[in-house]
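S.K.: sequence first, predicted model second:
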Amino acid sequence: MAVREIKPGIYSVGAIDWDRRLFDELIPLSDGTSYNSYLIKGNEKIALIDTVDPTKTYELIDNLKKLNITNIDYVVANHAEQDHSGSIPKILELFPNAKVITNPKCKEMLKDLLLIPEDKFLVINDGDTISLGDRTFEFIFAPWVHWPETMFTYLREGKILFTCDFLGSHLATSDLFVTDEAKGYESAKRYYAEIMMPFRTSIKRHLERIKDIEVEIIAPSHGPVYTRPEFILNAYKDWISDVVKNEVVIPYISMHGSTGNMVTHFVNDLIGRGITVKPFNLTKTDIGELAIALVDAATIIIATPTVLAGPHPNIVYATYLANALRPKLRFASVIGSYGWGGRTLEMIKGMMGNLKVEILDPVIIKGFPKEEDFKALDILADNIHKKHKEHGI
Ligand code: FEO
(Lines give C-alpha, C1' and ligand atoms only; values in the text may rest on other atoms or scores of the structure.)
Protein backbone atom coordinates (compact mmCIF):
# COMPACT_ATOMS: atom_id res chain seq x y z
CA MET A 1 0.00 0.00 0.00
CA ALA A 2 1.30 3.42 -0.80
CA VAL A 3 1.74 5.87 2.05
CA ARG A 4 -1.31 8.12 2.29
CA GLU A 5 -1.90 11.14 4.55
CA ILE A 6 -5.21 11.04 6.39
CA LYS A 7 -4.67 14.40 8.10
CA PRO A 8 -1.48 16.43 8.51
CA GLY A 9 1.04 14.23 10.32
CA ILE A 10 -1.28 11.18 10.34
CA TYR A 11 -0.44 8.54 7.76
CA SER A 12 -1.77 5.22 6.60
CA VAL A 13 1.31 2.99 6.28
CA GLY A 14 -0.17 -0.54 6.18
CA ALA A 15 -0.48 -3.12 3.42
CA ILE A 16 -3.15 -4.35 1.03
CA ASP A 17 -3.48 -8.12 0.61
CA TRP A 18 -5.18 -8.34 -2.78
CA ASP A 19 -4.89 -12.12 -3.07
CA ARG A 20 -5.89 -13.41 0.35
CA ARG A 21 -8.97 -15.62 0.08
CA LEU A 22 -9.09 -17.27 3.51
CA PHE A 23 -8.66 -15.81 6.96
CA ASP A 24 -7.79 -17.84 10.06
CA GLU A 25 -7.93 -20.80 7.62
CA LEU A 26 -11.69 -20.51 8.07
CA ILE A 27 -13.25 -17.28 6.84
CA PRO A 28 -13.68 -16.73 3.09
CA LEU A 29 -12.46 -13.34 1.85
CA SER A 30 -14.08 -12.71 -1.50
CA ASP A 31 -12.42 -9.29 -1.88
CA GLY A 32 -9.04 -9.75 -0.18
CA THR A 33 -8.25 -7.52 2.78
CA SER A 34 -5.87 -4.91 4.14
CA TYR A 35 -3.85 -4.66 7.32
CA ASN A 36 -3.99 -1.00 8.23
CA SER A 37 -1.25 0.56 10.28
CA TYR A 38 -1.21 4.26 11.15
CA LEU A 39 1.72 6.52 11.86
CA ILE A 40 1.02 9.54 14.10
CA LYS A 41 3.61 12.28 14.35
CA GLY A 42 3.45 14.42 17.49
CA ASN A 43 5.82 17.32 18.07
CA GLU A 44 7.57 15.27 20.77
CA LYS A 45 6.86 11.62 20.06
CA ILE A 46 6.04 9.38 17.11
CA ALA A 47 3.66 6.44 17.39
CA LEU A 48 2.55 3.58 15.21
CA ILE A 49 -0.96 2.23 15.74
CA ASP A 50 -1.10 -1.50 15.03
CA THR A 51 1.20 -3.17 12.51
CA VAL A 52 0.55 -5.62 9.67
CA ASP A 53 0.39 -9.34 9.01
CA PRO A 54 3.90 -10.85 9.16
CA THR A 55 3.71 -11.72 5.45
CA LYS A 56 3.55 -7.97 4.73
CA THR A 57 6.16 -6.65 7.18
CA TYR A 58 8.39 -5.56 4.32
CA GLU A 59 5.69 -3.22 3.01
CA LEU A 60 5.27 -1.54 6.39
CA ILE A 61 9.03 -1.10 6.73
CA ASP A 62 9.22 0.27 3.21
CA ASN A 63 6.49 2.82 3.97
CA LEU A 64 8.30 3.99 7.11
CA LYS A 65 11.45 4.44 5.01
CA LYS A 66 9.54 6.51 2.47
CA LEU A 67 8.51 8.82 5.31
CA ASN A 68 12.15 8.99 6.52
CA ILE A 69 11.16 7.66 9.94
CA THR A 70 14.30 7.11 12.00
CA ASN A 71 12.67 6.82 15.41
CA ILE A 72 9.44 5.38 16.76
CA ASP A 73 8.60 5.96 20.41
CA TYR A 74 5.44 3.92 20.75
CA VAL A 75 3.71 1.04 19.01
CA VAL A 76 0.08 0.88 20.10
CA ALA A 77 -1.26 -2.70 20.01
CA ASN A 78 -5.05 -2.57 19.97
CA HIS A 79 -5.29 -6.33 19.46
CA ALA A 80 -2.89 -9.28 19.78
CA GLU A 81 -4.00 -11.24 16.72
CA GLN A 82 -1.06 -11.67 14.38
CA ASP A 83 -2.57 -9.87 11.37
CA HIS A 84 -2.09 -6.67 13.42
CA SER A 85 0.66 -7.55 15.84
CA GLY A 86 2.80 -9.85 13.70
CA SER A 87 5.24 -7.15 12.60
CA ILE A 88 5.82 -5.72 16.09
CA PRO A 89 8.98 -7.80 16.71
CA LYS A 90 10.57 -6.44 13.52
CA ILE A 91 9.58 -2.87 14.43
CA LEU A 92 11.14 -3.32 17.89
CA GLU A 93 14.30 -4.65 16.25
CA LEU A 94 14.54 -1.66 13.88
CA PHE A 95 13.50 0.91 16.49
CA PRO A 96 14.99 -0.37 19.77
CA ASN A 97 13.73 2.59 21.80
CA ALA A 98 10.11 1.87 20.97
CA LYS A 99 7.70 0.71 23.68
CA VAL A 100 4.59 -1.32 23.01
CA ILE A 101 1.58 0.43 24.52
CA THR A 102 -1.20 -1.95 25.35
CA ASN A 103 -3.50 -3.28 28.06
CA PRO A 104 -2.48 -5.94 30.61
CA LYS A 105 -4.32 -8.78 28.86
CA CYS A 106 -2.93 -7.93 25.43
CA LYS A 107 0.57 -7.70 26.89
CA GLU A 108 0.35 -11.26 28.18
CA MET A 109 -0.94 -12.48 24.82
CA LEU A 110 1.82 -10.68 22.91
CA LYS A 111 4.40 -12.25 25.21
CA ASP A 112 2.88 -15.68 24.54
CA LEU A 113 2.27 -15.33 20.82
CA LEU A 114 5.24 -13.25 19.68
CA LEU A 115 7.72 -13.74 22.52
CA ILE A 116 8.02 -9.97 23.08
CA PRO A 117 10.06 -9.37 26.26
CA GLU A 118 8.44 -7.86 29.37
CA ASP A 119 10.63 -4.74 29.36
CA LYS A 120 9.32 -3.65 25.95
CA PHE A 121 5.83 -2.86 27.26
CA LEU A 122 4.17 0.26 28.56
CA VAL A 123 0.92 -0.96 30.07
CA ILE A 124 -2.09 1.33 30.17
CA ASN A 125 -5.52 1.06 31.79
CA ASP A 126 -8.95 1.86 30.49
CA GLY A 127 -9.35 5.63 30.03
CA ASP A 128 -5.60 6.37 30.34
CA THR A 129 -3.99 8.94 28.09
CA ILE A 130 -0.54 9.19 26.52
CA SER A 131 0.84 12.41 25.10
CA LEU A 132 2.83 12.76 21.90
CA GLY A 133 3.36 16.45 22.71
CA ASP A 134 0.72 18.27 20.73
CA ARG A 135 -1.35 15.10 20.31
CA THR A 136 -3.03 12.84 22.85
CA PHE A 137 -4.15 9.25 22.75
CA GLU A 138 -6.99 8.06 24.94
CA PHE A 139 -7.40 4.31 25.35
CA ILE A 140 -10.81 2.68 25.48
CA PHE A 141 -10.94 -0.96 26.51
CA ALA A 142 -13.37 -2.86 24.29
CA PRO A 143 -13.09 -6.55 25.10
CA TRP A 144 -14.55 -9.18 22.80
CA VAL A 145 -14.54 -7.45 19.45
CA HIS A 146 -12.80 -9.99 18.47
CA TRP A 147 -10.65 -11.38 21.31
CA PRO A 148 -10.83 -10.66 25.04
CA GLU A 149 -8.02 -8.07 24.95
CA THR A 150 -9.31 -5.81 22.13
CA MET A 151 -9.28 -2.03 22.67
CA PHE A 152 -9.71 1.23 20.77
CA THR A 153 -7.38 4.22 20.58
CA TYR A 154 -8.87 7.71 20.28
CA LEU A 155 -6.76 10.55 18.98
CA ARG A 156 -8.28 13.62 20.61
CA GLU A 157 -6.70 16.18 18.31
CA GLY A 158 -8.07 15.02 14.96
CA LYS A 159 -11.06 13.20 16.51
CA ILE A 160 -10.02 9.88 15.01
CA LEU A 161 -11.10 6.59 16.55
CA PHE A 162 -8.80 3.66 15.73
CA THR A 163 -10.92 0.55 16.23
CA CYS A 164 -8.68 -2.25 14.87
CA ASP A 165 -10.93 -5.21 13.93
CA PHE A 166 -14.15 -3.52 15.07
CA LEU A 167 -16.13 -1.79 12.29
CA GLY A 168 -13.65 -3.04 9.70
CA SER A 169 -14.15 -4.79 6.39
CA HIS A 170 -12.22 -7.38 4.45
CA LEU A 171 -11.88 -5.32 1.31
CA ALA A 172 -8.73 -4.80 -0.72
CA THR A 173 -9.16 -1.44 -2.40
CA SER A 174 -6.92 1.38 -3.54
CA ASP A 175 -9.39 3.82 -1.94
CA LEU A 176 -8.09 5.09 1.38
CA PHE A 177 -11.58 6.22 2.37
CA VAL A 178 -14.98 4.63 1.83
CA THR A 179 -16.16 6.35 -1.33
CA ASP A 180 -18.58 3.71 -2.62
CA GLU A 181 -20.88 3.25 0.37
CA ALA A 182 -22.86 0.44 -1.28
CA LYS A 183 -19.69 -1.64 -1.65
CA GLY A 184 -18.49 -0.52 1.77
CA TYR A 185 -21.78 -1.66 3.30
CA GLU A 186 -21.66 -5.04 1.60
CA SER A 187 -18.07 -5.70 2.70
CA ALA A 188 -18.67 -4.49 6.25
CA LYS A 189 -21.77 -6.69 6.55
CA ARG A 190 -19.86 -9.77 5.42
CA TYR A 191 -17.14 -8.92 7.92
CA TYR A 192 -19.71 -8.43 10.68
CA ALA A 193 -21.41 -11.73 9.80
CA GLU A 194 -18.22 -13.75 9.66
CA ILE A 195 -16.35 -12.23 12.58
CA MET A 196 -18.33 -9.89 14.82
CA MET A 197 -21.81 -11.46 14.99
CA PRO A 198 -21.00 -13.72 17.98
CA PHE A 199 -20.12 -10.59 19.97
CA ARG A 200 -23.43 -8.73 19.60
CA THR A 201 -23.78 -8.12 23.34
CA SER A 202 -20.26 -6.71 23.69
CA ILE A 203 -20.81 -4.53 20.62
CA LYS A 204 -23.96 -3.01 22.15
CA ARG A 205 -21.94 -2.04 25.22
CA HIS A 206 -19.08 -0.54 23.21
CA LEU A 207 -21.37 1.47 20.93
CA GLU A 208 -22.99 2.92 24.04
CA ARG A 209 -19.57 3.75 25.45
CA ILE A 210 -18.34 5.63 22.36
CA LYS A 211 -21.59 7.40 21.51
CA ASP A 212 -20.61 10.58 23.40
CA ILE A 213 -17.12 10.79 21.94
CA GLU A 214 -16.77 13.29 19.14
CA VAL A 215 -15.56 11.24 16.18
CA GLU A 216 -14.85 12.65 12.72
CA ILE A 217 -13.02 9.63 11.32
CA ILE A 218 -13.17 5.93 12.13
CA ALA A 219 -9.98 4.19 11.13
CA PRO A 220 -10.23 0.40 11.44
CA SER A 221 -7.33 -1.94 10.77
CA HIS A 222 -9.07 -3.77 7.90
CA GLY A 223 -10.60 -2.06 4.85
CA PRO A 224 -11.09 1.59 4.01
CA VAL A 225 -11.41 4.45 6.51
CA TYR A 226 -14.78 6.04 7.31
CA THR A 227 -15.11 9.80 7.02
CA ARG A 228 -18.82 9.53 7.73
CA PRO A 229 -18.79 7.60 11.04
CA GLU A 230 -22.59 7.49 11.24
CA PHE A 231 -22.62 5.35 8.06
CA ILE A 232 -20.94 2.38 9.74
CA LEU A 233 -22.30 3.05 13.24
CA ASN A 234 -25.89 3.06 11.97
CA ALA A 235 -25.28 -0.13 10.01
CA TYR A 236 -23.98 -1.83 13.17
CA LYS A 237 -26.95 -0.57 15.21
CA ASP A 238 -29.22 -2.27 12.70
CA TRP A 239 -27.27 -5.54 12.60
CA ILE A 240 -26.98 -5.90 16.39
CA SER A 241 -30.58 -4.89 17.11
CA ASP A 242 -33.04 -7.57 18.16
CA VAL A 243 -35.11 -6.91 15.03
CA VAL A 244 -35.31 -9.86 12.62
CA LYS A 245 -36.67 -9.85 9.09
CA ASN A 246 -39.35 -11.94 7.38
CA GLU A 247 -36.64 -14.19 5.96
CA VAL A 248 -35.96 -17.92 5.95
CA VAL A 249 -32.47 -19.28 5.36
CA ILE A 250 -32.16 -22.85 4.06
CA PRO A 251 -28.70 -24.43 4.02
CA TYR A 252 -29.15 -27.70 2.17
CA ILE A 253 -27.56 -30.77 0.63
CA SER A 254 -29.20 -33.34 -1.60
CA MET A 255 -27.43 -36.56 -2.57
CA HIS A 256 -29.97 -38.18 -4.91
CA GLY A 257 -32.64 -35.52 -5.37
CA SER A 258 -35.12 -36.33 -2.59
CA THR A 259 -34.11 -33.54 -0.21
CA GLY A 260 -33.53 -31.29 -3.25
CA ASN A 261 -37.13 -31.78 -4.37
CA MET A 262 -38.35 -30.99 -0.87
CA VAL A 263 -36.29 -27.79 -0.86
CA THR A 264 -37.60 -26.69 -4.26
CA HIS A 265 -41.18 -27.24 -3.17
CA PHE A 266 -40.63 -25.57 0.18
CA VAL A 267 -38.89 -22.52 -1.31
CA ASN A 268 -41.93 -21.96 -3.55
CA ASP A 269 -44.22 -22.46 -0.54
CA LEU A 270 -42.45 -19.67 1.32
CA ILE A 271 -42.31 -17.33 -1.67
CA GLY A 272 -46.06 -17.86 -2.11
CA ARG A 273 -46.57 -16.74 1.47
CA GLY A 274 -44.64 -13.50 0.93
CA ILE A 275 -41.55 -14.66 2.82
CA THR A 276 -38.05 -13.87 1.58
CA VAL A 277 -36.19 -17.15 1.21
CA LYS A 278 -32.47 -17.74 0.83
CA PRO A 279 -31.50 -21.33 -0.06
CA PHE A 280 -27.82 -22.26 -0.01
CA ASN A 281 -26.65 -25.44 -1.72
CA LEU A 282 -23.65 -26.18 0.47
CA THR A 283 -21.80 -27.98 -2.31
CA LYS A 284 -21.68 -24.72 -4.25
CA THR A 285 -22.12 -21.78 -1.89
CA ASP A 286 -19.52 -19.57 -0.27
CA ILE A 287 -20.16 -20.19 3.43
CA GLY A 288 -19.70 -16.43 3.99
CA GLU A 289 -22.89 -15.81 1.99
CA LEU A 290 -24.75 -18.08 4.42
CA ALA A 291 -23.29 -16.11 7.34
CA ILE A 292 -24.46 -12.81 5.79
CA ALA A 293 -28.00 -14.18 5.36
CA LEU A 294 -28.04 -15.16 9.04
CA VAL A 295 -27.55 -11.54 10.16
CA ASP A 296 -31.21 -10.64 9.58
CA ALA A 297 -33.19 -13.88 9.15
CA ALA A 298 -35.98 -14.90 11.53
CA THR A 299 -35.87 -18.60 10.67
CA ILE A 300 -33.41 -21.28 9.63
CA ILE A 301 -34.48 -24.55 8.04
CA ILE A 302 -31.76 -27.16 7.84
CA ALA A 303 -32.37 -29.48 4.88
CA THR A 304 -30.34 -32.66 4.79
CA PRO A 305 -30.37 -36.27 3.71
CA THR A 306 -29.45 -38.87 6.31
CA VAL A 307 -26.04 -40.33 5.61
CA LEU A 308 -24.18 -42.72 7.90
CA ALA A 309 -27.10 -42.44 10.36
CA GLY A 310 -26.87 -38.65 10.71
CA PRO A 311 -26.87 -35.35 8.81
CA HIS A 312 -24.58 -34.91 5.81
CA PRO A 313 -21.11 -33.72 7.02
CA ASN A 314 -21.46 -30.42 5.10
CA ILE A 315 -24.70 -29.81 7.00
CA VAL A 316 -22.93 -30.61 10.27
CA TYR A 317 -20.34 -27.95 9.41
CA ALA A 318 -22.95 -25.34 8.46
CA THR A 319 -25.03 -26.05 11.57
CA TYR A 320 -21.98 -25.89 13.80
CA LEU A 321 -20.99 -22.57 12.21
CA ALA A 322 -24.50 -21.10 12.51
CA ASN A 323 -24.56 -22.11 16.16
CA ALA A 324 -21.11 -20.58 16.79
CA LEU A 325 -22.03 -17.30 15.05
CA ARG A 326 -25.05 -16.88 17.38
CA PRO A 327 -27.36 -15.07 14.95
CA LYS A 328 -30.58 -13.57 16.28
CA LEU A 329 -32.77 -16.31 14.77
CA ARG A 330 -36.17 -16.96 16.40
CA PHE A 331 -37.27 -20.26 14.76
CA ALA A 332 -35.64 -23.38 13.35
CA SER A 333 -36.59 -26.71 11.89
CA VAL A 334 -35.24 -29.61 9.86
CA ILE A 335 -36.44 -31.14 6.63
CA GLY A 336 -34.97 -34.03 4.67
CA SER A 337 -35.06 -37.60 3.54
CA TYR A 338 -33.63 -40.88 4.84
CA GLY A 339 -33.29 -44.33 3.33
CA TRP A 340 -33.69 -46.68 6.30
CA GLY A 341 -33.19 -44.80 9.59
CA GLY A 342 -30.83 -42.67 11.64
CA ARG A 343 -30.72 -39.88 14.24
CA THR A 344 -30.50 -36.83 11.97
CA LEU A 345 -33.06 -34.70 13.79
CA GLU A 346 -31.67 -35.35 17.28
CA MET A 347 -28.13 -34.68 16.12
CA ILE A 348 -29.01 -31.34 14.48
CA LYS A 349 -31.05 -30.21 17.47
CA GLY A 350 -28.12 -31.10 19.71
CA MET A 351 -25.86 -28.78 17.70
CA MET A 352 -28.06 -25.71 18.15
CA GLY A 353 -27.47 -25.06 21.84
CA ASN A 354 -26.46 -21.39 21.36
CA LEU A 355 -29.50 -20.52 19.28
CA LYS A 356 -32.46 -19.16 21.22
CA VAL A 357 -34.93 -20.64 18.78
CA GLU A 358 -38.29 -22.33 18.93
CA ILE A 359 -38.04 -25.62 17.04
CA LEU A 360 -40.96 -26.02 14.66
CA ASP A 361 -42.30 -29.45 13.68
CA PRO A 362 -39.78 -31.01 11.27
CA VAL A 363 -40.52 -32.86 8.05
CA ILE A 364 -38.27 -35.93 7.88
CA ILE A 365 -39.45 -38.40 5.26
CA LYS A 366 -38.51 -41.81 3.89
CA GLY A 367 -37.25 -41.88 0.30
CA PHE A 368 -38.49 -39.59 -2.46
CA PRO A 369 -41.18 -37.08 -1.36
CA LYS A 370 -44.79 -38.12 -1.94
CA GLU A 371 -47.97 -36.10 -1.93
CA GLU A 372 -48.41 -36.30 1.85
CA ASP A 373 -44.80 -35.18 2.32
CA PHE A 374 -45.35 -32.08 0.18
CA LYS A 375 -48.49 -31.40 2.26
CA ALA A 376 -46.37 -31.63 5.43
CA LEU A 377 -44.01 -29.04 3.92
CA ASP A 378 -47.01 -26.80 3.14
CA ILE A 379 -48.03 -27.05 6.80
CA LEU A 380 -44.51 -26.12 7.95
CA ALA A 381 -44.58 -23.11 5.60
CA ASP A 382 -47.98 -22.12 7.06
CA ASN A 383 -46.56 -22.46 10.53
CA ILE A 384 -43.56 -20.23 9.75
CA HIS A 385 -45.87 -17.65 8.17
CA LYS A 386 -48.11 -17.70 11.26
CA LYS A 387 -45.19 -17.49 13.70
CA HIS A 388 -43.64 -14.56 11.84
CA LYS A 389 -46.99 -12.74 11.85
CA GLU A 390 -47.55 -13.43 15.56
CA HIS A 391 -44.12 -11.97 16.36
CA GLY A 392 -44.65 -8.91 14.15
CA ILE A 393 -41.93 -10.03 11.74
FE1 FEO B 1 -7.87 -8.62 12.26
FE2 FEO B 1 -8.80 -10.35 15.11
O3 FEO B 1 -7.65 -9.76 13.73
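M.R.: Cool, the structure landed.
S.K.: hey, let's count contacts and neighbours off CA atoms from now on
M.R.: Noted.
S.K.: which positions in the stretch 151-300 of the chain make contact with the ligand?
M.R.: When proximity is defined as C-alpha under 6 Å from any ligand atom, the stretch 151-300 of the chain approaches the ligand at residue 165.
S.K.: the helices in the stretch 151-300 of the chain, which residues?
M.R.: Using DSSP state H, counting those that start in this stretch, the helices of the stretch 151-300 of the chain run over residues 181-191, 200-210, 229-240, 258-272, 287-294.
S.K.: list the buried ones in the third one?
M.R.: In this case it means helix 229-240. 229, 232, 236, 239, 240 (16 or more other C-alpha atoms under 10 Å).
S.K.: then the second one?
M.R.: Within helix 200-210, the residues that qualify as buried by neighbour count (16+ other C-alpha under 10 Å) are 200, 202, 203, 206.
S.K.: who touches it?
M.R.: For helix 200-210, contacts defined as C-alpha atoms under 8 Å, 6 or more residues apart in numbering pick out 142, 143, 144, 145, 233, 237, 240.
S.K.: quick one: the first one and residue 149 touch, right?
M.R.: Yes: under the criterion of C-alpha atoms under 8 Å, residue 142 makes contact with residue 149 at 7.5 Å.
S.K.: over to the closest residue to residue 360 other than its chain neighbours. Which of the three states is it?
M.R.: Spatial nearest neighbour of residue 360, excluding adjacent residues (C-alpha to C-alpha, 6 or more residues apart in numbering): residue 333 at 5.2 Å. Three-state assignment for residue 333 (DSSP: H, G, I helix; E, B strand; the rest coil): strand.
S.K.: would you confirm that residue 333 contacts residue 364?
M.R.: No: between residue 333 and residue 364 there is no contact under C-alpha under 8 Å: 10.2 Å.
S.K.: pLDDT score for the residue nearest to residue 360?
M.R.: According to the prediction, residue 333 has pLDDT 98.
S.K.: ok, it - contacts?
M.R.: Going by C-alpha under 8 Å, 6+ apart, the list of residues near residue 333 reads 300, 301, 302, 359, 360, 361, 362.
S.K.: what residues does the stretch 1-150 of the chain put near the ligand?
M.R.: Residues of the stretch 1-150 of the chain lying near the ligand (C-alpha under 6 Å from any ligand atom): 81, 83, 146.
S.K.: now with 5 Å?
M.R.: residue 81 (C-alpha under 5 Å from any ligand atom).
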